[in-house]
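Sharing a sequence plus its predicted fold:
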Amino acid sequence: MTNHIIIRFDKEKYLNESIEMLELNVRLYNILKNNHIHTLRDLISRNVKDIGTLPGIGPVLRNELLEVYYEIKSETE
């Protein structure tokens, strides 16, 4: 008999993680904090249009944020 380790993904715990875990660009991190986005749940609870139009976000940071946004969304579906 083979022993297998089963890793259970705890979606709720993951979504409650701080955005600090993402190791974002400092400017992007500050933009999120200034817009009351503190956890991964806060981030993905916004619709993609809102994310792309956060005050102070330019095209480069928008692309970085959208990449992270879609990755988190796919991991939690």
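Yep, it's here.

use CA for all of it now, contacts and neighbours both
OK.

Go through whichever strand or helix holds residue 74 and flag the buried ones.
Element membership of residue 74 [criterion: DSSP states H and E] is helix 59-76. Across helix 59-76, burial judged by 16 or more other C-alpha atoms under 10 Å covers 61, 62, 65, 68, 69, 72.

which one among the residues you listed gets closest to residue 47?
Residue 47 lies nearest to residue 69 out of the buried residues of helix 59-76, by C-alpha to C-alpha, at 9.8 Å.

So that closest one is in contact with residue 43, correct?
Yes - counting by C-alpha atoms under 8 Å, residue 69 touches residue 43, with 7.1 Å between them.

show me what contacts residue 18?
By C-alpha atoms under 8 Å, 6 or more residues apart in numbering, the contact set of residue 18 is 38, 39, 40.

and residue 73, what is it in contact with?
Residue 73 neighbours (C-alpha under 8 Å, 6+ apart): residue 44.

That one and residue 56, how far apart?
23 Å (C-alpha to C-alpha, to the nearest Å).

try residue 33
If you measure residue 33 against residue 56 using C-alpha to C-alpha, the figure is 12 Å.

Could I get the average pLDDT for stretch 39-50?
The predicted model gives stretch 39-50 an average pLDDT of 95.

List of residues touching that stretch?
Here stretch 39-50 makes contact (C-alpha under 8 Å, 6+ apart) with 14-19, 36-37, 51, 66, 69, 72-73.

could the buried residues of helix 59-76 go into JSON lines alongside pLDDT and distance to residue 27?
Shown next, in JSON lines, are those (pLDDT from 0 to 100; distance: C-alpha to C-alpha, whole Å):
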{"residue": "61", "pLDDT": "95", "distance to residue 27": "8"}
{"residue": "62", "pLDDT": "95", "distance to residue 27": "11"}
{"residue": "65", "pLDDT": "95", "distance to residue 27": "11"}
{"residue": "68", "pLDDT": "95", "distance to residue 27": "15"}
{"residue": "69", "pLDDT": "95", "distance to residue 27": "16"}
{"residue": "72", "pLDDT": "94", "distance to residue 27": "20"}
